[in-house]
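> the sequence isn't on hand, but the structure is:
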């Protein structure tokens, strides 16, 4: 496997869960630097369709499309739109001369921000580098600077609390609004300094005081939680019976959504009251392959700090159809 700047967390566990087999089709919903796609393609003579909204990721994946020509295709777009993206691809691509893949044998999601994006100062994702306060994965739409400069105190505080679980959200929001009256807030270090000015000094072992606020802005700018809900709903209809869904999350907000989604659609969903009629969609559409989340091995967590908060949830699609799903 070629060296990559970004190390895919829980890569072996994800690929083992998907169990790539010759001739089968797999979906990599979050291409990034291609770790999962490459591992699948090297494990078996299978086919992989990958999606990424970042134009830079599409450029990085060009060489892989040549290397695995006929077995790999990378599409630019949001994974929430995967059904339409794949439908368009099957019409255009010579990859499917034997017929388009109406369903997939497995799908992987590696959520959060790619470390390559974090390390590029001009993308504005990190307070470790000075750069424009951007954070847009697709390089389009409103930036983090737009949100910081245009939102009122209440809205800013709500964003920091809801998407970053930042307890000092209102204090930080007031400081931002006060500072922007003097000058525009346009850089990552400028915003970080404002946050530091109203937060206690970081103690050994604590996360940086700016971490939660930067996470909140990134999630809000990219609609990450809404995208996740829509993406999970979309992939449910695209998996074959016995198809495997593997999702890697990096913070509690993501993991909560994935866990709730799978629980509601599995045999572990809460049963309705015996006094109420049984719901029409009560039959499980997923079964947990592993009931609890899989966490990184100790050696991986030591080698890659990003792995320490990661969780992998794996479920298998049942034969129960999705209500009102398009065929």
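Cool, got the structure. Worth saying up front: this structure is predicted, and the values here are computed from it rather than measured. Numbering: from 1, shown residues only.

> just give the number of residues close to residue 173.
Residue 173 has 25 neighbours, counted by other C-beta atoms under 10 Å. C-betas here are computed from N, CA, C, even on glycine.

> which residues does it contact?
153, 154, 156, 157, 160 (C-beta atoms under 8 Å, 6 or more residues apart in numbering).

> next one: stretch 102-113 to chain centre, how far?
Centroid displacement of stretch 102-113 relative to its chain, using C-alpha atoms, centre = their mean, to the nearest Å, is 10 Å.

> flag every buried residue along it.
104, 105, 106, 107, 108, 109, 110, 111, 112, 113 (16 or more other C-beta atoms under 10 Å).

> do stretch 8-28 as well
Those would be 8-11, 13-15, 17-18, 20, 24-28, for stretch 8-28 by 16+ other C-beta under 10 Å.

> same check, this time on stretch 73-86
Quick answer for stretch 73-86 (16+ other C-beta under 10 Å): 73, 74, 75, 76, 77, 78, 79, 80, 81, 82, 85, 86.

> other SSEs contacting the helix or strand that contains residue 156?
Element membership for residue 156 (DSSP states H and E) is helix 153-164. Helix 153-164 sits against helix 144-150, helix 169-182, helix 211-221, with contacts defined as 3 or more C-beta pairs under 8 Å, 6 or more residues apart in numbering; DSSP states H and E.

> what sits up against it?
Counting by C-beta under 8 Å, 6+ apart, 147-148, 151, 166-167, 169-170, 172-174, 176-177, 212-217, 219-220, 225, 253 sit against helix 153-164.

> buried among those? Make that a PyMOL selection.
This is how PyMOL selects the buried members of the contacts of helix 153-164, with burial counted by 16+ other C-beta under 10 Å:
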select buried, resi 147+148+151+166+169+170+172+173+176+177+212+213+214+215+216+217+219+220+225+253
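
> about what we covered before: just the buried residues of stretch 73-86: which are in strands?
73, 74, 75, 76 (DSSP state E).

> ok so, going back, so of the buried residues of stretch 8-28, which ones are in helices?
Members of those lying in helices (criterion: DSSP state H): 11, 13, 14, 15, 17, 18.

> what residues are up against the first one?
Okay, so that is residue 11. Counted by C-beta under 8 Å, 6+ apart, residue 11 has contacts 35, 36, 39.

> one more: the last one?
Neighbour list for residue 18: 26, 40, 105, 106, 108, 244, 246 [criterion: C-beta under 8 Å, 6+ apart].

> turn these into TSV, including distance to residue 62, pLDDT and secondary structure.
Converted to TSV, those look like this (distance: C-beta to C-beta, whole Å; pLDDT from 0 to 100; DSSP: H, G, I helix; E, B strand; the rest coil):
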residue	distance to residue 62	pLDDT	secondary structure
26	20	97	strand
40	18	98	helix
105	25	97	strand
106	24	98	strand
108	21	98	strand
244	28	98	strand
246	26	98	strand
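
> now, which of the ones in strands among the buried residues of stretch 73-86 sits nearest residue 260?
Taking C-beta to C-beta as the measure, residue 260 lies nearest residue 75 of these, at 27.8 Å.

> which residues are in contact with the closest one?
49, 50, 51, 52, 85, 86, 89.

> just the ones of these in strands?
Using DSSP E, those in strands are 49, 50, 51, 52.

> list the contacts for the first one?
The neighbours of residue 49, taking C-beta under 8 Å, 6+ apart as the test, are 25, 26, 27, 28, 72, 73, 75, 86, 89, 101, 104.

> in the sheet, who's paired with it?
residue 27, residue 73 (DSSP bridges).

> so can I have CSV of the helices and strands packed on helix 153-164 showing distance to residue 262 and mean pLDDT?
Shown next, in CSV, are the helices and strands packed on helix 153-164 (distance: least, C-beta to C-beta, whole Å; pLDDT from 0 to 100):
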stretch, distance to residue 262, mean pLDDT
helix 144-150, 31, 98
helix 169-182, 30, 98
helix 211-221, 21, 97
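
> can you tell which of those helices is closest to residue 306?
Between the helices and strands packed on helix 153-164, helix 211-221 lies closest to residue 306; by C-beta to C-beta that is 12.6 Å.

> packing partners for the closest one?
helix 144-150, helix 153-164, helix 188-197.

> contacts for that helix, please.
So helix 211-221 is in contact with 113, 125-127, 135-136, 141-144, 147-148, 159-166, 172, 188, 191-192, 195, 224-225, 251, 253, going by C-beta under 8 Å, 6+ apart.

> now stretch 301-314
7, 9-10, 13-14, 17, 115, 244-251, 255, 258-259, 262, 288-290, 293-296, 300.

> PyMOL command to pick out the buried ones of the residues you listed?
Selection of buried members from these for PyMOL, criterion 16+ other C-beta under 10 Å:
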select buried, resi 9+10+13+14+17+115+244+245+246+247+248+249+250+251+255+258+259+262+288+293+294+295+296+300
